[in-house]
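> Please find the sequence and the predicted model below.
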Amino acid sequence: MSTDATTSAHSTLRSRGRRVEAARGVDVLFALTESDLRARYGRGPWQLVKWLVDPFALVGIYLLLVIFILRRPGEAPGVSLACAVIPFQLVMMTVVNSLGAVQLRSSIIRNMAFDRVLIPVSSALTETVAFGASFVLFAMMMAVYGVRPTLSLFWLPLAIVVTLVFSIACAYVASLIGLWFSDLRPFVLSFVRAMFFLAPGLVAIRDIGGRAAELVKLNPLTGLFESYRSIVLRGEAPRAWQLAFPLAWAVVLLVVALPLYVREQVQFAKVVE
Amino acid sequence: MKAGVAANGLGVQFFFDRQNRVVTPALARLRRRGSDLWGIRDVTFSIGPGEGVALLGANGTGKSTLLRAVAGVLPADAGGVETRGRVAALLSIDAGLMPTLTGRENGRLLGVLAGLSRRQARRSLAGIQERTALGDEFDHPVSSYSQGMRARLGFAVADQIVPDVLLLDEVHEAIDHDSRALVEERARAILRGGGILIAAGHDHTLLERLCNRALLLRGGRIVEDDDFGAVRRAYVGDSARTEG
């Protein structure tokens, strides 16, 4: 066989190997996510209710807060709050899930060799199902406040992808913290909740005055919330910074946490109980 | 592919923090003060096709750590271990089962993690249900199962990948007579087909029926590697001296 033919055969084998590996990764990811959904949310028709309780309750409580206590309802407050609460719920629930994700799977980690790098991704995907279900809230709030859907909704998939990427990045950090410093779990949850209030969660950024409006942009959640408000509430394309900031934060978190996680995951079976 | 397991200078190390909790090496470096311990050290052996090998030794001598390293669950911190062939491992009574999931859901998950595609794992479920004789319990959460039921399910799930190398860690000692006969039958079939069995436990009668060779571990090192009878005599002599 000539050198060219050998090289070509090797490259075909390599590419087939990569395809098989990718297909296997997808299978493992789906299996982990499916089992996580069952373990966390149970089975049957009540699943949907469990997914919707949190976002509906939060929007309801915050609505009371901004209308009657803060007296800063702004523009279509129900829709505006949904634009913050829905993406925040994905980030928050992914962090909650990831903090205990390795321990939850301790029985399989102690017994089987498999690619544990996928565990944080599966945590984010599990919560994405609930996130998807909570889009019902957008539809409801838009109907209540008479906000008409526009062509800008075509931007929504991009905002969803950025939210998911940011959540996955947070998932790697949270998984490591959950494993290394399990005593700090309550603090991590308080920190993430505080980030909601240090971003324009309750009131839109245009209702925040002065230097504070510039400072809150540093919070990655600000861009996420405002991109949903641009698309759903104002019927316009999101500004570049609204998606670029959270994406940049996601890249930074992944660059720091992913190599650490990859190095640590081989040691998981030693430390899980 | 011929089955084979070879370890060369294999060592697995554990790190502990000041509260004696096991931590990863990275965290141990960060926290500085703590201690370390080699679970197994300088372990060298080679197992060829058709060999059944028992791991003997008192509790805490490194049998489970060695099995986990062979299964690829624990990393080699020194030396290395090479395993050829598909590996099925039952390394604890819970057999990797997640208690909140049903038998069926566990079967699907563990099948995929063991190397099957999702479709293959789904197709194998009816066979697992039949072999485990769990009936309706197959759709109940594993947390409601007895130890024997868990071991039966764990073995059936592990067996669906048609392993070349079977690793058993005392699990076979927790199951009832019928299930034990099934495990023995499958282990013999694997050995007849040129596969490998490595089993750790304290039921020497059962181990002798399946294993022609044994390794005796003491303090994380192999101190005897011979035919089963000779190693068992050395172990029993060891224990008698310790008790005396």
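It's in.
> mind listing the helices for the chain?
In the absence of a named chain, chain A is used. All helices of chain A, identified by DSSP state H, fall at A:3-41, A:46-64, A:77-99, A:101-104, A:106-109, A:119-133, A:135-145, A:156-180, A:185-197, A:210-215, A:220-228, A:240-265, A:268-271.
> ah, I was thinking of chain B
B:25-31, B:63-71, B:103-114, B:118-123, B:125-132, B:147-159, B:177-192, B:204-210, B:228-243.
> in chain A, which ranges drop under the pLDDT threshold?
The model of chain A has pLDDT under 70 over residues A:1-10, A:13, A:70-71, A:73, A:273.
> what does chain B give?
For chain B (pLDDT under 70), the answer is B:1, B:171-174, B:239-244.
> That one against chain A: which residues are in contact?
Proximity of chain B to chain A, by CB under 8 Å from any CB of the partner chain, involves residues B:14, B:22-27, B:68, B:71-75, B:87, B:89-92, B:94-102, B:105-106, B:108-110, B:112-114, B:117-118, B:121. The way it works is simple: take the backbone N, C-alpha and C, and place the C-beta from them, glycine included.
> Just the buried ones from those residues, in PyMOL syntax?
Burial among these is assessed by 16 or more other CB atoms under 10 Å in any protein chain shown; the matching PyMOL selection reads:
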select buried, chain B and resi 14+22+23+24+25+27+68+71+72+73+74+75+87+89+90+91+92+94+95+96+97+98+100+101+102+105+106+108+109+110+112+113+114+118+121
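> quick one on the thing from earlier: A:Leu258: which of the helices of chain B is closest?
helix B:25-31 (14.1 Å; CB to CB).
> Give me the neighbour count for the closest residue to B:Phe228 other than its chain neighbours.
Of all residues not flanking B:Phe228 in the chain, B:Ala214 sits nearest, at 4.6 Å (CB to CB, 6 or more residues apart in numbering or on different chains). A count of nearby residues for B:Ala214, using other CB atoms under 10 Å in any protein chain shown, gives 26.
> A:Glu214 too?
Residues within reach of A:Glu214, counting by other CB under 10 Å, total 10.
> Roughly how far does it sit from A:Trp241?
Between A:Glu214 and A:Trp241 the computed distance is 11 Å (CB to CB, to the nearest Å).
> Which residues of chain A lie near chain B?
Checking chain A against chain B by CB under 8 Å from any CB, the hits are A:23-24, A:27-28, A:30-32, A:34-35, A:38-39, A:104-105, A:107-114, A:179-180, A:260, A:263-264, A:266-267, A:269-271.
> For B:Arg218, which of the helices of chain B is the nearest?
Closest among those, using CB to CB: helix B:228-243, at 7.2 Å.
> Could you list which residues are in contact with B:Ala158?
B:88-90, B:95, B:110, B:114, B:166 (CB atoms under 8 Å, 6 or more residues apart in numbering or on different chains).
> could you redo the last one with a cut-off of 10 Å?
A:111-112, B:87-91, B:95-96, B:110-111, B:114, B:166-168, B:171, B:186 (CB atoms under 10 Å, 6 or more residues apart in numbering or on different chains).
> got it, and A:Phe138?
Counting by CB under 10 Å, 6+ apart, A:Phe138 has contacts A:55, A:78-79, A:82-83, A:86, A:147, A:149, A:153, A:156, A:228, A:231-233.
> what about 7 Å?
The neighbourhood of A:Phe138, defined by CB atoms under 7 Å, 6 or more residues apart in numbering or on different chains, consists of A:82, A:86, A:232.
> Okay, the most centrally placed residue in chain A and A:Val91: tell me how far apart.
By CA atoms, centre = their mean, chain A has its centre lying nearest to A:Ser167, at 3.0 Å. Going from A:Ser167 to A:Val91 by CB to CB gives 5 Å.
> Now for those two: what residues contact both?
By CB under 7 Å, 6+ apart, no residue touches both A:Ser167 and A:Val91.
> For B:Tyr145, what are phi and psi?
Reported as degrees, to the nearest 10, the phi and psi values for B:Tyr145 are phi -80, psi 150.
> re earlier: which of the contacts of A:Phe138 are buried?
When those are checked against 16+ other CB under 10 Å, the ones flagged as buried are A:82, A:86, A:232.
> of those, closest to chain B?
A:Ile86 (27.1 Å; CB to the nearest CB).
> for that closest one, what are its contacts?
By CB under 7 Å, 6+ apart, the neighbours of A:Ile86 are A:55, A:131, A:134, A:137-138.
> Could you check how many residues crowd around the residue nearest to A:Trp155 when sequence neighbours are not counted?
Among residues not flanking A:Trp155 along the chain, A:Ile231 sits closest, at 4.8 Å (CB to CB, 6+ apart). A total of 23 residues lie near A:Ile231 under the criterion other CB under 10 Å.
> Mind listing residues that contact stretch B:132-152?
B:93-95, B:97-104, B:106, B:129, B:153, B:156, B:171, B:174-176, B:179.
> re the thing from before, how about the contacts of A:Ile86 in a markdown table, adding distance to B:Ser144?
Converted to a markdown table, those look like this (distance: CB to CB, whole Å):
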| residue | distance to B:Ser144 |
| --- | --- |
| A:Pro55 | 33 |
| A:Phe131 | 32 |
| A:Ser134 | 32 |
| A:Leu137 | 36 |
| A:Phe138 | 40 |
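> Please list only the buried members of those residues.
A:55, A:131, A:134, A:137-138.
> Show me which of the residues you listed is closest to chain B.
Using CB to the nearest CB, those come closest to chain B at A:Phe131, 21.8 Å.
> what comes up buried for stretch A:261-268?
So, applying 16+ other CB under 10 Å, buried residues of stretch A:261-268: A:261, A:264-268.
> Equivalent analysis for stretch B:38-47, please.
In stretch B:38-47, counting by 16+ other CB under 10 Å, buried: B:38-41, B:43, B:45, B:47.
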